[in-house]
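**Q** Generate a structure from the sequence data that follows.
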Amino acid sequence: MQVAITADATGATSGRHGSPVIERSGDGHHRPALAALTIGALGVVFGDIGTSPLYAFREALAQSAADGIDPGEILGVLSLALWTLILVVSVKYVTFLMRADNQGEGGVLALAALARRALGIRSRIALVLGATGASLFYGDAILTPALSVLSAMEGLRTIPGAAAMFDEGTIRLCTIAILIALFLIQSRGTAQVSRLFGPVCILWFLAIGGLGLSHIADEPSIFRVIWPGYGIAFLATHGVTGLFVLGAVFLTVTGAEALTADMGHFGKLPIRLGWFLLAFPALTLNYLGQGAFALAALERARTEGTVFANQDWFFLMAPEPLRAPLVILAGMATVIAAQAVITGAFSLTQQAIQLGFLPRLRIRQTSAAFQGQIYLPAINWLLLAGVLILVVEFKTSSAMAAAYGIAVTGTMVVTTCLAYLVVRHRWNWSRGLALAAILPFLALDLIFFGANILRVIEGGWVPLLVGAGVGLVIYTWVRGRGIVAAFERGQSIPLADLAAALAKRPPERVPGTAVFLTANITAAPGALLHNLKHNKVLHARNLIATVRTADRPVVPPSERVREERLDDNFATVTLTYGFMESPDVPQDLGIETRALGLDPMKTSFFIGRNTLKPEAEKGMPPWQDRLFMFLQRNAADPTEFLRIPPGKVLELGEQVTV
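**A** Next up is the predicted model:
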């Protein structure tokens, strides 16, 4: 059975990370609820970007270290880092893009759905952009856990007397153990432990802010880097090296997409408060502290006549007795960042399935209290495999950092393009005004994307390869479904014509109700035709039902079911779900409550399931036929996806050439 996509009703949403479901009107929160949501946002939304000081400044400075490092380079790198935070996060995401929400929901697929609704029949470009952004996200999803946890574990080497004990191999083993444990607990849900995310991240931001503040006194003039001229001068005088540095500087804003992706769970105001009141000041102070510490170390090296080397500035800023607790806190913060990405991958996959981009996968609810707490075994194990491969192959966070920026910058380019479609066609801005608003952001994204592309050979090919693989799966699935749908349309007859013919010459009737699930309720379902042809019977009551996915996150219960009676024998039923929801057909048909007059003991479900056959002369190339058939065979059973009791289902179909 196929799932159609349509535009429909509105509604609220619930948290996927264990956040409470709170009804909102715009951003009007009561103070206790606002405080709770802000704390929750600090634990989920800012986990990734909050751990970037572990490696971002170190990696950016390393790109300019080939011929030695001078004070101007430290100041230039630091200025670029701060202005990247200001322009990309504060201006683009927090101030502008958070306005482009889909009923409070954000993220690349939510934005694509909003753009699609605005464009109507011209929505193919929105779907392509949405699929591209989703594909690139998976490249980021395997890099974030690997890089963040590995960078935290590398801090073990800065503990006095521990460097000999924790060599590269031992650090990798510790990282692998933590990551395996993290992925193993996903099936049990994270609703309980996620309550610690907010307090731990608050402690983390206070710690990194205080750490940076304690070293600003090493070079009080460090505040001069707020003047963007230092960054501009650095780029102007360093040629290609400046572009490599710019690519590394982008590591400061990895995780910025989470600010819009998690809007539906916390709201705009809590995220903005969390950013401007704690996350942004703490990050700024820490980067300033690292810069001041590096300048002081450079001056000391010159005075002593020793060689100045780029170091792990973040951990070395801490006094020696505090380094072990800092490593533990960093480990907790990076696990939280990894958890946010994992649950984000689960949520994005659910949306992609609902929107028809991916085949049905098994989805488990892990919490009775929080509807958004889901677990997808296939995605979980694929992510774990990818993460472990990265840790083993790249060995160090510095080597892995080269691969990190491409997926994120690519997703940001897609998001900006979708934002233009929304601004132009949803908000109805003039073309000139829309271009004036979007082009500066797009230019900024393209500059960072171009800078990161230079590092493809160093490892940037990894997220591109992952994104291309996911994109191929999406393209094959969508195209294959289109071929099957075209075949079914060619074989179908109008439901009204069949109903009229059966009213004149009724077949043998059997008691009970038959629910025929189909993608097109105006045509007679194939399962109905096969039942008439082979069993030569018609049930006393027949419902032709379709499950549609709206381009909105949630559809209210009052608009879930729409029934239209065709005649005494047939009625059509449309069940509409938001792309953040999981279908439950028996519940929404009211079988247990008999809302539509259905007797649970006398209701059977009929689903069309065709057998696929590859053919070189038609449809897709043979290799793509086989890929589509593999996806179809391994898709979750529609009865499980739609939550229909297996004992109530009959499957009928025929052979289809793809």
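**Q** what's the host helix or strand of Leu529 in contact with?
**A** Under the criterion of DSSP states H and E, Leu529 resides in helix 526-530. Outside helix 526-530, the residues within contact range by CB atoms under 8 Å, 6 or more residues apart in numbering are 488, 491-493, 498, 514, 516-518, 542, 544, 606-608, 610, 650-654. Glycine gets a C-beta too; all of them are placed from N, C-alpha and C.
**Q** Kindly export that helix (C-alpha atoms) in PDB.
**A** What follows is helix 526-530, C-alpha atoms only, in PDB (Å, rounded to 0.1, in the frame of the first residue of the first chain):
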ATOM      1  CA  GLY A 526      -6.800  -3.900  -6.600                       C
ATOM      2  CA  ALA A 527      -7.500  -6.000  -3.500                       C
ATOM      3  CA  LEU A 528     -11.200  -5.500  -4.000                       C
ATOM      4  CA  LEU A 529     -11.100  -6.500  -7.600                       C
ATOM      5  CA  HIS A 530      -9.000  -9.600  -6.800                       C
END
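**Q** Please identify the buried residues of that helix?
**A** 526-530 (16 or more other CB atoms under 10 Å).
**Q** now do stretch 94-113
**A** The neighbour-count check on stretch 94-113 (16+ other CB under 10 Å) flags 94, 96-98, 100-113 as buried.
**Q** now stretch 529-544
**A** 529-531, 538-539, 541-544.
**Q** biggest separation within these, which pair?
**A** Largest separation among those by CB to CB: His530 and Arg541, giving 18.8 Å.
**Q** Where does pLDDT dip in this protein?
**A** 1-32, 121-122, 190-193, 367-372, 592-597, 616, 653-658 (pLDDT under 70).
**Q** Scan it for its longest strand.
**A** strand 537-550 (DSSP state E).
**Q** Adjacent strands (with direction) for that one?
**A** strand 4-6 (parallel), strand 508-517 (parallel), strand 570-577 (parallel) (DSSP bridges).
**Q** can you give me the angle whichever helix or strand comes after that strand makes with strand 570-577?
**A** Following strand 537-550 in sequence order, the next helix or strand is strand 561-565 (DSSP H and E). With axes from the mean of the first three to the mean of the last three CA atoms, to 10 degrees defining the directions, strand 561-565 sits at 170 degrees from strand 570-577.
**Q** Going by neighbour count, list what's buried in strand 561-565.
**A** Val561.
**Q** I'd like the distance from it to the chain centre, please.
**A** Averaging C-alpha positions (CA atoms, centre = their mean, to the nearest Å) puts strand 561-565 34 Å from its chain's average.
**Q** again, but for stretch 376-393
**A** On CA atoms, centre = their mean, the centre of stretch 376-393 falls 16 Å from that of its chain.
**Q** what are the C-alpha coordinates of it, in CSV please?
**A** What follows is stretch 376-393 as a C-alpha-only set of coordinates in CSV (Å, rounded to 0.1, in the frame of the first residue of the first chain):
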residue,chain,number,x,y,z
LEU,A,376,14.2,2.7,14.8
PRO,A,377,16.4,-0.4,15.1
ALA,A,378,17.6,-0.3,11.5
ILE,A,379,18.7,3.3,11.7
ASN,A,380,20.3,2.8,15.2
TRP,A,381,22.5,-0.1,14.0
LEU,A,382,23.4,1.5,10.7
LEU,A,383,24.5,4.7,12.6
LEU,A,384,26.5,2.6,15.1
ALA,A,385,28.3,0.8,12.3
GLY,A,386,29.1,4.1,10.5
VAL,A,387,30.3,5.7,13.8
LEU,A,388,32.6,2.8,14.7
ILE,A,389,34.1,2.7,11.2
LEU,A,390,34.9,6.4,11.5
VAL,A,391,36.6,6.1,14.9
VAL,A,392,38.7,3.1,13.7
GLU,A,393,39.7,4.6,10.4
